[in-house]
Structures are given as C-alpha cells and as structure tokens.
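Trainee: Fold the following and give me the result.
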Amino acid sequence: MKYSWGVIYAVLWFYRSFVSFFAQNVVSALTSLGDSSRYQTVDFSLFSTRYPSDFTGFVRVLSTSLTDSMGAIFRFASGGSPFLINLGFQTIAFVGLVALLRSLPPRPRIFLLFVLVLPSFTIWSSVASKEAIVVFAMGIFLSTVVRQSLEGSYSIVLRAMSLALVVAYKPHYAPALIILLFAPTIIRNVRQAGFVLLVLSLFSIAILLSYQEVLGDLALSVVPHFRGMGNSTRAAFFLEQADFLSKAPEGMFLSVFGPTMQEARGGILHFAAFVESSILVLVILIFLGARMWSTPIASLMVVLLALFWLLIGTYPLGVMNPGTAIRYRTGYELLIFVLLVVLTSRLAYVRLRSPTERVRLT
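Mentor: Modelled structure (predicted):
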C-alpha cells in the first residue's frame with residue numbers, strides 16, 4: 001500500500017477518539033449510551049463485590065464489577081474527565097482491533113477496516129462500556145483463530161486469556177467460540193471432515209431441541225427487562241414458550257439488522273442505523289455470492305454452525321429493541337467477519353489440511 005499500516009492504525013485511533021468525543025457530547029443528548037455514565041462515576045469494586053454462587057449470576061456480576069473497576073481506574077487517572085475515561089476504554093478496544101488487523105493479509109485487512117469505521121460499531125466500542133472490553137477480548141481471540149488458520153501457530157496463552165474474558169462478559173457466545181476451537185483440528189485430522197461436522201451439527205440441534213422448554217422460559221424472562229425503555233421498544237416478541245424456536249429466523253435477523261424500515265422513520269439515529277445495516281448486509285450478500293461456490297463443504301459447515309449458535313444465543317437479548325440490537329451487535333461483528341471472510345477461504349482450508357503449504361488469503 002502507498003501508506004504504511006502504522007499510519008493507518010494511527011488514523012484509526014484518532015478517528016475513534018473523535019467519535020468517542022462526539023458520542024459523549026452529541027449522541028448522549030439524543031439517546032442513552034447504555035451504562036456509560038455509570039462506568040464514568042463508580043468506585044473500584046473488583047475485590048469488594050459479593051459474587052453469586054451460580055455460574056450465570058457469577059459471570060454477570062463479575063463482568064459488571066470488572067467494568068466498574070476499569071472505569072474507576074480511568075476516573076482516577078483522568079481526574080474524572082468523561083471524555084478521557086471514554087478514551088481509555090476506546091484504547092482498550094483499539095488494541096484488540098489492531099491485533100486482529102495485524103493477523104490478516106492485506107486484502108481482508110482492508111475489508112475489515114470498512115467494518116471498523118462504521119458509525120454504530122465505533123460509537124459503542126469507543127465509550128465506557130462492556131462492549132469496548134468485549135471488542136478487545138474478541139479481537140485478541142480471533143487473531144489467534146486467524147493465525148491458526150493461515151499460519152498454523154498462535155499464542156495459547158493469549159487464546160486462553162481472551163477466551164475467558166469474552167465468556168465472562170458474553171457466556172452465550174461460548175458455543176460459537178467452542179466450535180472455532182475444535183473445528184480446525186477436525187478439518188486437519190479427519191478425512192471426511194465435512195461429514196463429521198454435519199453429524200455434529202445435527203447432534204447440536206438435537207441438544208437444542210431437548211432444551212427448548214428451558215430456553216423458551218429464559219426467552220420469556222427477558223421481556224420484562226425491556227418495559228419502560230422508551231418508544232423504540234417493540235411489542236413483546238415472546239408470548240409463549242414455543243416462540244423461542246418458532247420465531248428464531250425472524251428474531252435472529254432483527255437482532256442483527258436492528259431498526260426496520262418503519263422504525264427508521266422514528267428518528268435520525270434509527271435511520272442512520274438502518275442505512276448502515278442495509279449497506280453491511282448488502283456487502284455481506286455480495287461477498288458470499290462470490291465466495292459461496294468455492295468454499296469447501298467442511299469450512300461451510302463450520303461457518304454455518306458457528307453463526308447459528310452465535311445468533312440463536314444472542315437474538316433474545318437484541319430482538320426487543322432496535323437500539324439494543326445495534327449495541328449488542330458490536331460485540332460479535334468481528335466474529336461474523338472472521339467466519340465469513342477468513343474461514344470461507346479455500347486457501348485457508350488448504351492451509352489447515354496441509355500445514356506445510358504456504359498460502360495467501362484472497
């Protein structure tokens with residue numbers, strides 16, 4: 001490239017810093033920035049918090065306490081400046097983004113830059129938020145996935161630590177991430193990898209069906225949390241237990257896309273999110289149309305299975321409110337990118353099947 005990637009990374013940091021300032025001073029006057037104000041004013045509580053004994057309660061309280069404590073550290077270091085606190089969180093996320101960018105070959109790296117400068121992704125990962133921490137951890141974890149797929153080597157320590165951090169914040173990402181952990185081993189060591197992955201896919205769906213009542217109850221329990229969240233909250237998406245599975249296709253789409261065309265008329269932020277999502281989906285469809293027929297069956301099974309488990313686990317939290325959907329999407333956009341751009345590459349498949357081959361991702 002004409003300009004070095006070091007310069008591009010610097011420009012990206014300044015761009016994200018400007019968006020952080022803009023979000024704090026302009027966007028916050030138009031809509032709530034989640035719990036950002038909380039993380040700018042709380043005290044350090046990591047070691048004084050009482051944690052529940054059950055896993056779900058433990059990780060929920062732990063992630064909140066970690067973010068509170070990070071905010072408290074930045075508040076002390078910055079003298080309480082909201083912008084500088086945001087800047088600290090922005091820089092944490094930026095480190096994960098650069099780690100992922102550096103693991104990619106030039107062409108997909110440029111494609112990822114398009115995702116990274118999208119307004120909604122930048123806003124939610126550039127303010128004091130859990131999303132900034134998740135983006136950091138996800139970027140580190142996915143960089144090890146890319147390096148394993150393209151180079152055959154990666155840091156086990158970085159993978160373990162980043163995976164633990166992602167799961168601590170987003171335990172419902174775990175099934176998709178576990179698939180990424182074991183799929184390369186299956187592709188590399190099993191002759192009929194596509195068939196084995198198909199069997200595992202059917203088995204995982206059978207597990208989902210066996211727990212559909214439990215999952216349906218959990219989905220119903222989400223609905224009350226969105227009451228009183230403003231005019232953008234949709235009518236209850238889940239009315240009965242069976243809705244979790246029967247409405248899953250519609251719900252998964254809405255939770256990724258965000259505002260519908262009708263909702264986009266409700267305000268400038270929803271309209272901007274609608275336009276952004278439309279462009280993003282169009283680019284993905286064009287890319288997949290060009291790549292789909294050359295993708296090996298085994299790689300396609302990994303991508304579809306990981307996407308399914310990612311979206312089935314996240315959609316109940318994003319389907320009730322279009323703004324919440326866009327916010328939560330920030331945490332897994334990088335994962336979708338790696339699945340669709342890196343793991344659908346035939347050359348990445350060749351690299352996994354033949355570790356001694358030197359390949360260049362296109």
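Trainee: for the stretch 201-350 of the chain, what are the low-confidence residue spans?
Mentor: 227-233 (pLDDT under 70).
Trainee: Go through stretch 58-74 and flag the buried ones.
Mentor: Judged by neighbour count (16 or more other C-beta atoms under 10 Å), stretch 58-74 contains these buried residues: 59-60, 62-72, 74. Yep, even glycine has a C-beta here, placed from its N, CA and C like the rest.
Trainee: average pLDDT across that stretch?
Mentor: Per-residue pLDDT over stretch 58-74 has a mean of 91.
Trainee: Could you do stretch 100-118 as well?
Mentor: On average, stretch 100-118 scores 90.
Trainee: where do the helices sit along the stretch 101-250 of the chain?
Mentor: 106-116, 119-124, 130-150, 156-169, 174-189, 193-210, 212-222, 243-246, 248-257 (DSSP state H, counting those that start in this stretch).
Trainee: quick one on the thing from earlier: as CSV, the buried residues of stretch 58-74 with distance to Ser155 and secondary structure would be great.
Mentor: Listed next are the buried residues of stretch 58-74 as CSV, based on distance: C-beta to C-beta, whole Å; DSSP: H, G, I helix; E, B strand; the rest coil:
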residue, distance to Ser155, secondary structure
Val59, 24, helix
Arg60, 28, helix
Leu62, 24, helix
Ser63, 23, helix
Thr64, 28, helix
Ser65, 27, helix
Leu66, 22, helix
Thr67, 25, helix
Asp68, 29, helix
Ser69, 25, helix
Met70, 23, helix
Gly71, 28, helix
Ala72, 29, helix
Phe74, 27, helix
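Trainee: Please identify which of those residues is nearest to Ala298.
Mentor: Distance to Ala298 across the buried residues of stretch 58-74 (C-beta to C-beta) is lowest for Val59, with 32.1 Å.
Trainee: quick one: contacts for that closest one?
Mentor: By C-beta atoms under 8 Å, 6 or more residues apart in numbering, Val59 lies in contact with 167-169, 171.
Trainee: just to revisit the earlier point, export the buried residues of stretch 58-74 to JSON lines and tack on distance to Leu12?
Mentor: Converted to JSON lines, those look like this (distance: C-beta to C-beta, whole Å):
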{"residue": "Val59", "distance to Leu12": "31"}
{"residue": "Arg60", "distance to Leu12": "32"}
{"residue": "Leu62", "distance to Leu12": "30"}
{"residue": "Ser63", "distance to Leu12": "26"}
{"residue": "Thr64", "distance to Leu12": "29"}
{"residue": "Ser65", "distance to Leu12": "30"}
{"residue": "Leu66", "distance to Leu12": "25"}
{"residue": "Thr67", "distance to Leu12": "23"}
{"residue": "Asp68", "distance to Leu12": "28"}
{"residue": "Ser69", "distance to Leu12": "27"}
{"residue": "Met70", "distance to Leu12": "22"}
{"residue": "Gly71", "distance to Leu12": "23"}
{"residue": "Ala72", "distance to Leu12": "27"}
{"residue": "Phe74", "distance to Leu12": "20"}
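Trainee: quick one on the thing from earlier: minimum distance to Arg351: which of the helices of the stretch 101-250 of the chain has it?
Mentor: Using C-beta to C-beta, those put helix 130-150 closest to Arg351, at 5.8 Å.
Trainee: now for the helices of the stretch 101-250 of the chain, which one comes closest to Ile326?
Mentor: helix 119-124 (4.8 Å).
Trainee: Output the closest one as PDB, restricted to C-alpha atoms.
Mentor: Backbone C-alpha positions of helix 119-124 (Å, rounded to 0.1, in the frame of the first residue of the first chain) are rendered in PDB as follows:
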ATOM      1  CA  PRO A 119     -20.600   4.600  13.000                       C
ATOM      2  CA  SER A 120     -22.500   2.300  15.300                       C
ATOM      3  CA  PHE A 121     -19.600  -0.100  15.800                       C
ATOM      4  CA  THR A 122     -17.300   2.800  16.500                       C
ATOM      5  CA  ILE A 123     -19.600   4.600  18.900                       C
ATOM      6  CA  TRP A 124     -20.400   1.600  21.100                       C
END
